[in-house]
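K.L.:
generate coordinates for the sequence data below:
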Amino acid sequence: MPSPIKFVAAGDVHGDEQDKSSVRALLSFMSDYKPDLVVMIGDLWDFKAIRRGAGDEDQASSLEKDWQAGEEFLRKFFSFGDERIFLRGNHDERIYDLAQNSRSGVARDYANDGIENIEALVKELRGRMFPYDSVGGVYACGTLKFVHGYGHAIHSAKQHADAYGNVLFGHTHAIDYFKSVSIDAREAWNIGCLSNLAPAYNRNQMRRMRWQHGFAYGLIHREDKSHDVFLARQRGGKFTIPTGVKSF
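P.N.:
Prediction:
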């Protein structure tokens with residue numbers, strides 16, 4: 001019987017907005033778990049300085065620090081696994097949008113340089129990259145699909161199960177789960193985030209009350225076409241692994 005594929009999925013790091021203790025916990029777990037497949041589920045960078053409609057404070061933020069923090073995370077994350085996937089998130093996509101839509105030639109040139117750096121980084125780390133696209137940005141392995149996420153609604157887990165079947169996603173920064181009432185038993189896991197839970201730009205929005213640090217891991221069984229998914233979440237400053245074997 002072939003061995004199952006061990007995977008880890010994590011995302012919503014947001015560059016220099018990342019929560020360093022959560023990132024350390026993830027990498028410590030991965031060192032112990034030794035996954036075969038790793039999926040960076042999007043928003044590796046924040047790119048707040050080039051957000052459409054960004055205020056003066058965001059425009060003044062350092063893209064260099066943001067880039068360096070995201071690159072450092074991806075290098076460490078992609079040091080695990082034989083299959084390495086990067087699904088761009090809506091924040092990552094900002095630099096691609098800038099290259100296409102900016103009326104400033106200087107901004108377009110700068111953005112294209114950044115895109116070249118992203119593609120070179122992923123290639124160097126022997127990864128595969130997918131765009132932020134609700135159809136083209138889907139990675140499938142066995143009975144599971146992985147997407148960044150499309151929508152912030154309270155019922156987003158149901159929406160993703162309806163659209164993709166068995167799927168893991170991020171984007172909302174929340175941890176959630178949905179299983180359909182149907183013969184094919186579609187399941188969706190919202191896996192949380194690894195970023196600051198109280199960014200300045202979101203201080204007036206109630207939805208951040210649902211935000212939680214977390215990531216997902218599990219097994220994809222090749223023999224009987226099934227899967228096991230576990231959500232690791234932070235409680236009391238520590239990540240408790242659902243198996244109860246270890247806490248990080």
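
K.L.:
tell me the buried residues in stretch 90-107?
P.N.:
For stretch 90-107, the neighbour count (16 or more other C-beta atoms under 10 Å) marks His91, Asp92, Glu93, Arg94, Ile95, Tyr96, Asp97, Leu98, Ala99, Ser102 as buried. Using the backbone N, CA and C atoms, a C-beta is placed for each residue, glycine as well.

K.L.:
which other helices and strands contact the longest strand along the chain?
P.N.:
The residue-count maximum for a strand in the chain (DSSP state E) belongs to strand 226-235. Here strand 226-235 touches helix 20-33, strand 175-179, strand 187-191, strand 214-221, strand 238-240, going by 3 or more C-beta pairs under 8 Å, 6 or more residues apart in numbering; DSSP states H and E.

K.L.:
hmm, who's touching stretch 90-99?
P.N.:
The list of residues contacting stretch 90-99 from outside it, by C-beta atoms under 8 Å, 6 or more residues apart in numbering, reads 14, 42-47, 50-52, 88, 107-108, 110-112, 114-115, 118, 131-132, 148, 171.

K.L.:
6 Å - rerun?
P.N.:
43-47, 50, 107-108, 111-112, 114-115, 132 (C-beta atoms under 6 Å, 6 or more residues apart in numbering).

K.L.:
now do the end-to-end distance for it.
P.N.:
Using C-alpha to C-alpha, to the nearest Å, the gap from the first to the last residue of stretch 90-99 comes to 15 Å.

K.L.:
what's the spacing between it and its chain's center?
P.N.:
Centre-to-centre, stretch 90-99 and its host chain are 16 Å apart (C-alpha atoms, centre = their mean, to the nearest Å).

K.L.:
rewinding a little: return the most buried member of the helices and strands packed on strand 226-235.
P.N.:
strand 187-191 (a mean of 26; mean count of other C-beta atoms under 10 Å).

K.L.:
all helices of this structure, in order?
P.N.:
Under the criterion DSSP state H, the chain carries helices at the ranges 20-33, 56-59, 63-77, 94-101, 105-124, 156-164.

K.L.:
re the thing from before, for the longest strand of the chain, buried residues please.
P.N.:
Those buried within strand 226-235 under the rule 16+ other C-beta under 10 Å are His227, Val229, Leu231, Ala232, Arg233, Gln234.

K.L.:
just put those residues in JSON lines and tack on distance to Ala161 and pLDDT.
P.N.:
Converted to JSON lines, the buried residues of strand 226-235 look like this (distance: C-beta to C-beta, whole Å; pLDDT from 0 to 100):
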{"residue": "His227", "distance to Ala161": "14", "pLDDT": "94"}
{"residue": "Val229", "distance to Ala161": "13", "pLDDT": "95"}
{"residue": "Leu231", "distance to Ala161": "15", "pLDDT": "95"}
{"residue": "Ala232", "distance to Ala161": "21", "pLDDT": "95"}
{"residue": "Arg233", "distance to Ala161": "20", "pLDDT": "92"}
{"residue": "Gln234", "distance to Ala161": "25", "pLDDT": "91"}
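
K.L.:
quick one: buried ones out of the contacts of stretch 90-99?
P.N.:
Neighbour counting by 16+ other C-beta under 10 Å classes Asp43, Leu44, Trp45, Asp46, Phe47, Ile50, Ala111, Gly114, Tyr132 among the contacts of stretch 90-99 as buried.

K.L.:
of those, which pair is most distant in space?
P.N.:
The largest separation in those, counting by C-beta to C-beta, is between Asp43 and Ala111 at 17.4 Å.

K.L.:
returning to what we had before: mind putting the helices and strands packed on strand 226-235 in JSON lines, distance to Arg75 and mean pLDDT included?
P.N.:
Shown next, in JSON lines, are those (distance: least, C-beta to C-beta, whole Å; pLDDT from 0 to 100):
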{"stretch": "helix 20-33", "distance to Arg75": "11", "mean pLDDT": "96"}
{"stretch": "strand 175-179", "distance to Arg75": "26", "mean pLDDT": "95"}
{"stretch": "strand 187-191", "distance to Arg75": "21", "mean pLDDT": "97"}
{"stretch": "strand 214-221", "distance to Arg75": "17", "mean pLDDT": "96"}
{"stretch": "strand 238-240", "distance to Arg75": "21", "mean pLDDT": "82"}
